[in-house]
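In: got a structure for you, letters missing:
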């Protein structure tokens, strides 16, 4: 155990990631992303509608991870925590990827053929000149009723419109992530204590804003893929995935850094144990939320609601859904992360954290992609043949872009908040 | 720094050569005035050993009378006459009994939250309040259990609820939310009792060892199981405690989830909504925390426990109330938003009935004010530190959480799909008697608990003392750069 | 004192603070004692390592109990609802696909069985309940539940010696050393 670790033993100014050693990795990431972007452009030219779904899927993966980073950073400050100071910089850096994520997602909003393929309400809305009366006259009652929300104007009369909301979510999340890191960076330079108190106050205030942003982002981009369907649990469901996948990415980062010899006297097995426990908690929480949502809809058996699950239970989706929801996302991680010795060892927890990210990707795949076939073929086909390859290409492309910027950001600041007045407490974590 | 005269060994020597200038922010202590272990034992065990203050009798006698008359008389009347004495009618076939059932079950949840979830998240401040909160859980579940047990009408057939082979060869319907309730509530009661009892064993041993030989020593001796505080016992005990905390956490979630399934698995507009499970759980914790504070603030001043239940504890609990109140507010608003967004006429109308043109709309606004708006005052530290304000808000929350269940049941059922079946609901005299009776029962059981059992976890409070463990606490000594939050606020330290 | 026969239970020593106690425990562990214990009013963090005790085996039993509970819950619901008395209600099929509706009882029984396993296996592992124990013969035994940090080295330990164990404990910093004798 790390008993006599003192903050005064650590080098002043913290520890920097040696990016020159990672130059090769960065170059590979850059080449793969460039190649992926070229392929994506190719696919976009030939089948923009199908590819829209691939891009949304890959975008949703990095968005949930980054938003989860914002959550963990804010939560850590708001709860006045001490345990995770040593790893908090990693949370902050994951959180600050939210800006690049917002840029990655811009094509979804800006390219008409893409957004119209994804969100079927947009072409209907445009076809009726965005007028509630015309929608009503055309028997689009469901959409007419949602006129004050599913609306492409900048201001719908009651709320910001669909595109404006996209901008708003990212401005709010990115500002929160940037501001909360800036307190910590200030401490790196000045060793002042006051920013800790200011950050706590800021985090408490920003958590509700985070919750509202993620909820409505989830509704806008994912739930509205089928604008007739609804679930009050949706925001919580997507949030559970955010928190889980972000913690997995934080653990992966820490584990790799640790194996590369960084953070030697800063991060101990106790930090892995605690963050592993939080990841485990969210495995269970996610399962709880997902099961409850499924269960209530399955049990009540109301047509408007069951369509979501019926689609994901048809044809080949059935086997995949059972594998994803029951085994990949719950049973396997539950059994393998449960023992303490797995959580404590960076080498064991690394594959489990990777598995969680994989399961999370599958989860989002099942949220987004089953909508594609019926949407694009007007209910004729379940699947678009061969489109899955492009889903993977989009995921690899966006994943590499994200990872490239992530490594770059990691290299810009110390790997741990070296001026934090609670660092001493975190170094001596014992649980 | 003025306080750099370090007492911690070895590490300080290297620090003098390399002055990184990093400060160390102190934590507030959980046991004030550096109270010794002996003081803690004396003060807490003393509550059980000494004569009770007059307050105790002033509260106990009326509470016990109310319990006797309300629960005793009320139930006798109801059983001998029939469940028709309740206010339930054809349209509002569920009324106060289920409101009270959900209300009491919810109260219980904070006990498990404090003892289990806060234990798992290493919130050491829980040690001063967990025992009383767990006791509250047990008593609240007992109060809750009365309503479903007696609603069956012929209460001597209540055993039909249990899955035992019987002469009719019929089995319970395992697809029914009401049977799930039976499993959930009875498991919850059993596990809470085990958790409470196991947690109390070392403290019962303390009282046993302080008692003079006699009947008292014998009784506490039997219940303390022969505990002798050996580390070869502690190591299994601690593991058991952690496991019980680990299984109680999903349990507490499941109990209110199952309670929410009573409503949400139906197709009734206003009941069938997917956010019900987490929303019920958050609401239960919210209401329970308010009840813990309602009980602990008077307890703290009557028994002089200010050094153990500090303002820090109250501050933390007030923050949790603000947090869970806001989560509940999120759920209320999300329900409203989706009721509108769904475009389902019945769904939206159900909420319009609650808000504007149904029966008892005022209860919706009472709920909103008490549960969502009133706790927002806890954003201000001065308000969290003001016991009068805290008590008032907790009272609002207690009332508000009752209203929440009232809104869910009594404004929904009389406005179902067919206008022809619309009606209204009014509680009967027996409803009032039973509800007030359970309040009396809850208070008298809690007072008896204060009288006979250690109301604060003596062993765990000792556990949280400074330097109580094999290795020195990292913040125990005023290490180099040691500062407190007060110093920062006053501007003494940047 | 009467002439009744007494049996030596062991030596008891008190220590000033948990750090000294842990230090002494390490020394006793390293000296090779086997039958001894540390008595304290609360669970001391780090004492298991100081005494050389491993992790409790309790979780394995609880895992077994939980699996048993899960199986019981499933069989109870499935056998009664699907096999011996098929109940066609709530528009749910009478086959394996109705299992989600059984999840609540399955879950609750998992927890219930785990809880009972925890309680009973814990009592078995601790060797409790018992009505008496030679430890209680010590004049200072009551300190173990109040404010004393005690170490007891039992006479049953092969390394125990009435003459040498006392100075050994003194050397470790033990105070108020007492020879615990239990009436037979």
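Out: In hand now; what should we look at? Predicted, not measured: the structure shown is a model, and the values here were computed from it.
In: strands of chain C, start to end?
Out: C:6-15, C:36-39, C:149-154, C:175-183 (DSSP state E).
In: could you say which helix or strand holds the closest residue in space to residue B:266 that isn't next to it in sequence?
Out: Setting aside the residues directly before and after it, residue B:266 is nearest to residue B:272 in space (Cβ to Cβ, 6 or more residues apart in numbering or on different chains), at 5.8 Å. Any C-beta I mention is one placed from the backbone N, CA and C, and that applies to glycine too. For residue B:272, there is no enclosing helix or strand under DSSP states H and E.
In: might one say that residue B:272 is in contact with residue B:261?
Out: No: applying Cβ atoms under 8 Å as the test, residue B:272 and residue B:261 come out as separate, 10.6 Å apart.
In: could you pull out the residues contacting both of those two?
Out: residue A:296 (Cβ atoms under 8 Å, 6 or more residues apart in numbering or on different chains).
In: the two: which is more packed in?
Out: Neighbours were counted for residue B:272 and for residue B:261 using other Cβ atoms under 10 Å in any protein chain shown; residue B:261 has more, 25 against 22.
In: assign a three-state SS to that one, would you?
Out: Per DSSP: H, G, I helix; E, B strand; the rest coil, the local secondary structure of residue B:261 is helix.
In: who are the contact partners of it?
Out: A:295-296, B:177, B:180, B:276-277, C:104.
In: buried residues, stretch B:69-83. List them.
Out: B:70-71, B:74-75, B:78, B:83 (16 or more other Cβ atoms under 10 Å in any protein chain shown).
In: tell me which residues in the lowest-mean-pLDDT helix or strand in chain C are buried?
Out: With mean pLDDT, DSSP states H and E as the measure, the helix or strand of chain C carrying the lowest mean pLDDT is strand C:175-183 (a mean of 87). Neighbour counts over strand C:175-183 (16+ other Cβ under 10 Å) mark C:177-178, C:180-182 as buried.
In: residue B:201 reaches residue B:224, doesn't it?
Out: Yes: counting by Cβ under 8 Å, residue B:201 touches residue B:224, with 5.7 Å between them.
In: so which bits of the stretch 151-300 of chain B are right by chain A?
Out: The stretch 151-300 of chain B comes close to chain A at residues B:250, B:253, B:257, B:261, B:264-267, B:272-278, as judged by Cβ under 8 Å from any Cβ of the partner chain.
In: closest one of those to residue B:348?
Out: residue B:273 (12.1 Å; Cβ to Cβ).
In: the closest one against residue B:267, yeah?
Out: No: the pair residue B:273 / residue B:267 is not scored as a contact, 11.2 Å apart, by Cβ under 8 Å.
In: center of the chain - which residue?
Out: Went with chain A since none was named. residue A:64 (1.1 Å; Cα atoms, centre = their mean).
In: ah, I was thinking of chain B
Out: residue B:110 (2.4 Å).
In: excluding chain neighbours, give the residue nearest to that one in space.
Out: Nearest one to residue B:110, counting by Cβ to Cβ, 6+ apart, is residue B:288 at 2.4 Å.
In: pull the number of nearby residues for that neighbour.
Out: 31.
In: wait, it touches residue B:105, no?
Out: No: if you go by Cβ under 8 Å, residue B:288 and residue B:105 don't touch, sitting 9.6 Å apart.
In: between those two, what contacts are shared?
Out: With Cβ under 8 Å, 6+ apart, residue B:288 and residue B:105 have common neighbours residue B:140.
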